[in-house]
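In: sequence below, structure please.
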Amino acid sequence: MAADVFDQLVALLSESKAKFRVIEHEAEGRSEAISVIRGNRPDQAAKAMVLDVRGGGAGKRHVLAILPGNRKLDFTAVAKLFEARKCGFASPETAQELTGCVMGSVPPFSLNPALSIVVEEDLLGNDTLFFNAGRLDRSMELDTKDWLAVARPRIARIAAQA
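Out: Sure, this is the predicted structure:
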């Protein structure tokens, strides 16, 4: 299924006339290690995490949080943003079901309408973003403006203070 996600991303970005390039590399899903392999700064890496957001008026929802590769998530900020009581990581099974990807290969795109996207605004200071593209052995470099136009994320402060 992960190859399907990669193919869907290439098609989506090509149709949108986005400026991107595919990077083939050894299989790796850890943010720090993959940034070294790709040759990008960790703060240029778009790290994607599937979250469960619970409580409040809307019940349980799922969110794809996008952070710079060198930052950690502020769970309280995400819960507050979505007017929920609690926020935590989705189970690996739920994350794979929602994204079609194994952990470490989730791209900063939602190809599932049940998964809304929120991005840490500090990530948007980069001209381009780097991310695993639905596979552990394929990454992309993508123009940040094109990512914003295609992904249409909610922009907020969701990273823990360094």
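In: going by C-alpha atoms from here, please, whenever you check contacts or count neighbours.
Out: Noted.
In: count of residues packed around the closest residue to Glu26 other than its chain neighbours?
Out: With sequence-adjacent residues excluded and distances taken as C-alpha to C-alpha, 6 or more residues apart in numbering, Glu26 is closest to Asp137, at 5.3 Å. Neighbours of Asp137 under the rule other C-alpha atoms under 10 Å: 16.
In: next up, phi/psi of Asp137, please.
Out: Main-chain dihedrals, Asp137, degrees, to the nearest 10: phi -110, psi 10.
In: any idea how far it lies from Ala151?
Out: 22 Å (C-alpha to C-alpha, to the nearest Å).
In: again, but for Met49
Out: Counting by C-alpha to C-alpha, the gap from Met49 to Ala151 is 15 Å.
In: who has more neighbours out of the two?
Out: Met49 (20 against 16).
In: secondary structure class for the more buried one?
Out: Three-state call for Met49 (DSSP: H, G, I helix; E, B strand; the rest coil): strand.
In: shouldn't it be in contact with Pro68?
Out: No. Using C-alpha atoms under 8 Å, Met49 is not in contact with Pro68, being 11.2 Å away.
In: Val53 and Ala95, how far apart?
Out: For Val53, the distance to Ala95 - C-alpha to C-alpha - is 13 Å.
In: and stretch 110-124, what's buried?
Out: For stretch 110-124, burial by neighbour count (16 or more other C-alpha atoms under 10 Å) applies to 110-111, 115-124.
In: end-to-end on that stretch?
Out: For stretch 110-124, the separation between the terminal residues is 18 Å (C-alpha to C-alpha).
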